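Student: quick one, structure for this:
(2 chains)
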Amino acid sequence: MTVPLLHVKNLHKSFVLHLIDGRTIDPIQNVSLTVDSNQHFLLWGRSGIGKTSILKCIYRSYLASSGEIWFNSDQFGSVDMVQADDSMVLKLRHREIGYCSQFLKVLPRVAALDVITEPLVRQGMLQAQAHDIGREWLTQLGIAQRLWHASPVTFSGGEQQRINLGRAFIASPRLLLLDEPTASLDASSKQIIVDMIQRAQQRGTAVLTVSHDLDTLAKLADGQLAL
Amino acid sequence: MTAPTWILHASGLNKQYGPGCPRCQQFTGPAHNNSQCPVCNTVYACVDAGFTLHQGEVLGIVGESGSGKSTLLQMINLATAADSGNIWYREPRTPDADPVDLLQMDAYRSRHFRNDRLGIVYQRPELGLNMRFTVGGNVAEKLLLANWRHVGNIRTRIRELMEQTELPPERIDDDPHTFSGGMLQRVQIAKALSSSPSLLLLDEVTSGLDLSVQARVLDLIRRIQWEQQMTMLLVSHDLGVIKQLARRTIVMKNGHIVESGLTDQILEDPQHPYTQLLVSSAL
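Tutor: Model prediction:
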């Protein structure tokens, strides 16, 4: 029997708001899902139902309150992201798990070419080589050449989102977590994202997408869960 | 079996000022929002602190004034004697050698270690620099302690370091009083890097600087960290600074570590009431 790339089991997340009388919010209750290698899994549902929280628990930006999140690492075998120590999580983020938030957050002094190639350089690739690859990606993403050395904070919302997604895809992680990848994009930009997801799958990347844009993404998904 | 990747492992570090009394525990600590015992006036600057620092990593220490973060940094800098605990150090140049406990070293070895393997940058330049020496003289001081003797070689090395830290090398013989705040931080960084340390300690290095100067100093630190894969311990009360540089963070309050974790987790899903207050207070 093959081990799935990601197996989330009975995930539960509570937030205890100490500054508001210790009030508790439970956005995720008893969620389970399985994502296989090369799969595009879509998690959908109305706003505020906890879709992004699930992604953040998997990436460990949020600490799960209970449950298990098993990631089948190439390098370290099966790792429970709920129990793994911080150093292990950083190693997995470095090589195997990518996360793309809904909005691009970058320093306003860093050029688009450096932003998009940062994951490659971080993995040890020489900057010149990374820039060659980065230029190809920026072309594919439809970013005008005159913008490559400007900071993406000056770009339009759609351009920023394409840079954001390009940066997530460029290093070909084994699992990519995408939070509303097509929000704020026009039809042609959405098509670029669809192509990127398909190409990533061909390279062996599994994609777990959170979205309510079913029109664009449902036809791509070969697994889904409605919340 | 692969060698561990940590270079520093501190555990059970304590520092108190005063004799202590049986009532201390009852009145001090984060739960009581107090570091000083009202009965015996003992101040608990750092209580049972510990962390592991991996090669090439930046670990942030965040907390309000008086939380004990600088005391912890100064214990690692071997400038403040810990009352108890261990600071295990593994030399990255010889990863197979056994780690040594820095707190067990004699005064001579401790002084040599501090000069050779550690670099520190303070918030106030006058703490890290001798303002009566020239800029070059300040950097030379550390090189001389590291047994550099040839004046020509020393000056060449200082010019290299000034270029590396984006200072004009022709100002090597200038009085530091003629330098701006941001430039003095660069002189401190040049001095700290002169011995090619394995660990750089940064104590509120950008506090008090103009925003644009702050950004340039942070960019410089980020570049050095990246190019040299420098291991850093970064103390700051500014979550923005921590977020830019540190992948992992520990949060201190009243001398105790109240929370530690990945920096994004600390910022997005803080667990401790104090961390939640800290994050909610960010500008």
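
Student: what comes up buried for stretch A:212-226?
Tutor: The neighbour-count check on stretch A:212-226 (16 or more other Cβ atoms under 10 Å in any protein chain shown) flags A:Asp213, A:Thr216, A:Leu217, A:Ala221, A:Leu225 as buried. C-beta coordinates here come from the backbone N, C-alpha and C atoms, glycine included.

Student: export it as CSV, just CAs?
Tutor: C-alpha atoms of stretch A:212-226 as CSV (Å, rounded to 0.1, in the frame of the first residue of the first chain):
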residue,chain,number,x,y,z
HIS,A,212,-14.1,29.4,-3.4
ASP,A,213,-13.4,29.9,-7.1
LEU,A,214,-14.9,26.6,-8.1
ASP,A,215,-15.4,27.6,-11.7
THR,A,216,-11.7,27.9,-12.3
LEU,A,217,-10.2,25.2,-10.0
ALA,A,218,-12.8,22.4,-9.6
LYS,A,219,-12.1,21.0,-13.1
LEU,A,220,-8.4,20.7,-12.2
ALA,A,221,-8.9,19.0,-8.9
ASP,A,222,-8.7,15.2,-8.6
GLY,A,223,-9.7,15.3,-5.0
GLN,A,224,-11.8,17.7,-3.0
LEU,A,225,-13.4,18.3,0.4
ALA,A,226,-16.2,20.8,1.1
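
Student: farthest pair within the buried residues of stretch A:212-226?
Tutor: A:Thr216 and A:Leu225 (17.6 Å; Cβ to Cβ).

Student: so residue 224, which state does it fall into?
Tutor: Reading this off chain A. strand (DSSP: H, G, I helix; E, B strand; the rest coil).

Student: who touches the residue nearest to it when sequence neighbours are not counted in this structure?
Tutor: Setting aside the residues directly before and after it, A:Gln224 is nearest to A:Leu42 in space (Cβ to Cβ, 6 or more residues apart in numbering or on different chains), at 4.2 Å. Contact partners of A:Leu42, counting by Cβ atoms under 8 Å, 6 or more residues apart in numbering or on different chains, are A:Thr209, A:Ser211, A:Leu214, A:Leu217, A:Ala218, A:Leu220, A:Ala221, A:Gly223, A:Gln224, A:Leu225.

Student: break down chain B into its strands, ranges please.
Tutor: Counting by DSSP state E, the segments of chain B that form strands are B:6-17, B:43-54, B:58-62, B:84-89, B:100-101, B:118-121, B:199-203, B:231-236, B:248-253, B:256-262.

Student: now mean pLDDT too, for the ones you listed, in CSV please.
Tutor: As requested, the strands of chain B are arranged in CSV below (pLDDT from 0 to 100):
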stretch, mean pLDDT
strand B:6-17, 96
strand B:43-54, 96
strand B:58-62, 97
strand B:84-89, 97
strand B:100-101, 96
strand B:118-121, 97
strand B:199-203, 97
strand B:231-236, 97
strand B:248-253, 97
strand B:256-262, 97
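
Student: B:Lys191 is nearest to which of the ones you listed?
Tutor: strand B:118-121 (7.5 Å).

Student: give me the residues contacting that closest one.
Tutor: B:76-78, B:128, B:185, B:188-189, B:191-195, B:197-203, B:205.
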